[in-house]
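S.K.: sequence first, predicted model second:
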Amino acid sequence: MATLVQAEHLTKQFGGVRALSDVSFDIQTGEWIAIMGPSGSGKTTLINIVGGLDRPSSGRVRVDGTDVGELGEGELTRYRAEKIGFVFQQFHLVLYLTALENVMLAQYFHSIAEEPEAREALRRVGLADRMTHLPAQLSGGEQQRVAIARALINHPRLILADEPCGNLDEANAQIVLNLLRELHAAGHTILLVTHDLSIGRLADRRIELAHGRLAQITVFSAEDEERFDHLLEQIWICGEEGFAARVERIRTLGSVDPVRTLARMADLRLVEVRDAEVRLTARGENRARDVIRRHRLAERLFTDTFAIGDPEAHSQACKFEHIISPELDQRICTFLGHPRTCPHGNPIPPGACCNSR
C-alpha cells in the first residue's frame, strides 16, 4: 500500500504548554487508525494539524504528497475541500439548512453543488426519508450521519473523525460505527480520535499518546487483544491465589500457542517471562486490574440486577469485559453501590469512582 500520511517530529506549543512533542508516524492508504489517549494527551491537536486546521510549531506532515504546513490560507482551504472529510463530535451543521442543503454546501465549497449526488450520499447513510429536515428536527445520530454524508460528498483521500460517537447514545453510536466499518471495507482511509478502547479495537492500528508524546503503536486485532486480556486475567488470579504463574499452566483462547502470545505480550511490555515464570510489568498490572475489575463488576451486575446465575453470568461477563468503556465501568460501579467483591467473593479492584468517595 502507498503511504498517504507522513508525520515527522510534530511538535505543537501553546504558550508554555506543549500539546505535542516530537510525534512521528505513517498511515497507509486504506488503513483505519485510532488515535487514543487520556484527555489532554494531544489527540485533537494532532488531528487538527493533519487536517490543516492548525499548524505545528515544528516538524511537518505530508498528506498525499502535500506538505500541509507549507500551504497558504487559500491553499489550505482548497486542501481541506479536496482531500479531507471531517466528522466532528459536535456535528457542526448549519442550523437553518436542511440535511440535503448541508451536504450540498460542502460541494459548493469544493466545486459545484449537485443535488443528485448529495441525495445519494444521504441515502448511503440511511437518511433517504430525512433529506428535507432541519438539524433541530433530527436526532443526534441522524445529525452525525448527515455530517458523515457531508464528509464523503467530495470523495476525500482521508476521513478525519474526532470522537464521532462522543455525543451519541449506544444505539446511534453503533449505527455510526457500522458506517465507518463499511467505509473502511470500501477502501477509505480513516483517522479517528477516541478514548473508548472498544472503538479503538475496531481499527487496524492504534496510535496512543500520553502527555503529547507517542506512547505506543499497537498493530493487533481485536481477537489478539482478547487473548492478551485472557492471559492477563490468569496471571492476576495466580497472584491472588498466592502461587507463581507458570507458562505450562496458562491457556489461551482457541488453539493459539500461549508461548507465542506471551512473547508478543512481552514485546508490548505487558509481561516478563523468566525461567518459565510469567510476571506482570507495571503496565500489564494496570491493564490486568482493569480487565479483572470489568469482569467482576459485570458478574455482579448480571447476578444482582438481572438474577442470572452461574455459569451464564460468568460467560456473559467474559464478553462484557471487552466492551465496557471507562465511563460505563464507573457508572456500573456507582449503580451497584461500589461493591467490594464479585458474587464468588473475589475482590473487585477499586476504580476512580470508588477512590473519589
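M.R.: Perfect, I can see it now.
S.K.: going forward, measure contacts between C-alpha atoms and count neighbours the same way
M.R.: OK.
S.K.: domain ranges for this structure, per the record?
M.R.: Annotated domains of the chain cover 3-218, 222-280, 285-355 [automatic domain parsing].
S.K.: if you compare those domains, which one is most tucked away?
M.R.: For the domains of the chain, average neighbour numbers computed from mean count of other Cα atoms under 10 Å are highest in domain 3-218, which has a mean of 19.
S.K.: what's the end-to-end length of that one?
M.R.: 18 Å (Cα to Cα, to the nearest Å).
S.K.: chain center to that domain, what's the gap?
M.R.: Centroid separation between domain 3-218 and its chain, computed with Cα atoms, centre = their mean, to the nearest Å, is 13 Å.
S.K.: quick one: mean pLDDT over that domain.
M.R.: The predicted model gives domain 3-218 an average pLDDT of 88.
S.K.: contact partners for the nearest residue to Asp196 once chain neighbours are set aside?
M.R.: The shortest distance from Asp196 to any residue other than its chain neighbours is 5.7 Å, reached at Ser325 (Cα to Cα, 6 or more residues apart in numbering). Counting by Cα atoms under 8 Å, 6 or more residues apart in numbering, Ser325 touches 196-198.
S.K.: out of these, which is nearest to Arg287?
M.R.: Leu197 (11.7 Å; Cα to Cα).
S.K.: thinking again about what came up before, in helices, which of the contacts of Ser325 appear?
M.R.: Mapping these onto helices (DSSP state H) picks out 197-198.
S.K.: any chance of the contacts of Ser325 in CSV, with distance to Asp304 too?
M.R.: Shown next, in CSV, are these (distance: Cα to Cα, whole Å):
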residue, distance to Asp304
Asp196, 26
Leu197, 26
Ser198, 25
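S.K.: return the alpha-carbon coordinates of stretch 257-269 using PDB.
M.R.: Only the C-alpha atoms of stretch 257-269 are listed here, as PDB (Å, rounded to 0.1, in the frame of the first residue of the first chain):
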ATOM      1  CA  ASP A 257       0.200 -21.200  21.100                       C
ATOM      2  CA  PRO A 258       0.400 -19.500  24.500                       C
ATOM      3  CA  VAL A 259       4.200 -19.200  24.300                       C
ATOM      4  CA  ARG A 260       3.900 -17.200  21.100                       C
ATOM      5  CA  THR A 261       1.200 -15.000  22.600                       C
ATOM      6  CA  LEU A 262       3.300 -14.400  25.700                       C
ATOM      7  CA  ALA A 263       6.200 -13.400  23.500                       C
ATOM      8  CA  ARG A 264       4.100 -10.800  21.800                       C
ATOM      9  CA  MET A 265       2.900  -9.500  25.200                       C
ATOM     10  CA  ALA A 266       6.500  -9.200  26.400                       C
ATOM     11  CA  ASP A 267       7.200  -7.100  23.300                       C
ATOM     12  CA  LEU A 268       4.400  -4.800  24.400                       C
ATOM     13  CA  ARG A 269       5.900  -4.700  27.900                       C
END
